[in-house]
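K.L.:
Using only what follows, build the 3D model:
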Amino acid sequence: MAKADTIRDIEAANGQKVPDSLNQKQLDELLALATRDGAEKLDAFSSKLTELQGGGKSSEKAAPTVTVRVNDAIAAYGGEFTDPGTREVIGKEPTEVPLSPFVREKLRSEELVEAD
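P.N.:
Numbers count the residues shown, from 1 in each chain. As a prediction, this is how the structure comes out:
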């Protein structure tokens, strides 16, 4: 089935518009959800559409950020940390970083402190 036909079928099934930037495999997945029976079909369709549009990655609701720096003892000898997940370098200067598990752990151990 051509992309245009699949898009038209999805819109006919549940009234939702879908971007033509999606590939045929993605459109086929959406069509299967759009034509399903049941009250949850619209939620499942919407979730899948968001995921396919890249929202699954970036809509993981933007991670909260926090401004931190290394504690005074670590700063005294020029120490710094690099968050392995985000690759953010945290040193003696206040730096705004995502509140990742690494940053949370370093805050708990007081190796990082929140900065103003």
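K.L.:
Grab the nearest non-local neighbour of E110.
P.N.:
Closest residue in space to E110, ignoring its immediate chain neighbours: N71 at 6.1 Å, by C-beta to C-beta, 6 or more residues apart in numbering. Every residue, glycine included, has its C-beta placed from N, CA and C.
K.L.:
Next, work out how far apart the one you found and T82 are.
P.N.:
16 Å (C-beta to C-beta, to the nearest Å).
K.L.:
swap in E11?
P.N.:
47 Å.
K.L.:
With R36 instead?
P.N.:
46 Å.
K.L.:
Likewise for P64?
P.N.:
Using C-beta to C-beta, P64 is found at 20 Å from T82.
K.L.:
Quick check: end-to-end length of stretch 17-31?
P.N.:
Stretch 17-31 has an end-to-end distance of 12 Å (criterion: C-alpha to C-alpha, to the nearest Å).
K.L.:
Buried residues, that stretch. List them.
P.N.:
Buried residues in stretch 17-31, counted by 16 or more other C-beta atoms under 10 Å: V18, L22, Q26, L27, E29, L30, L31.
K.L.:
ok, back up a step: which one of N71 and T82 is surrounded by more residues?
P.N.:
N71 (16 against 12; other C-beta atoms under 10 Å).
K.L.:
In terms of pLDDT, where does that one sit?
P.N.:
Looking at N71, its pLDDT is 96.
K.L.:
Brilliant, that's me finished.
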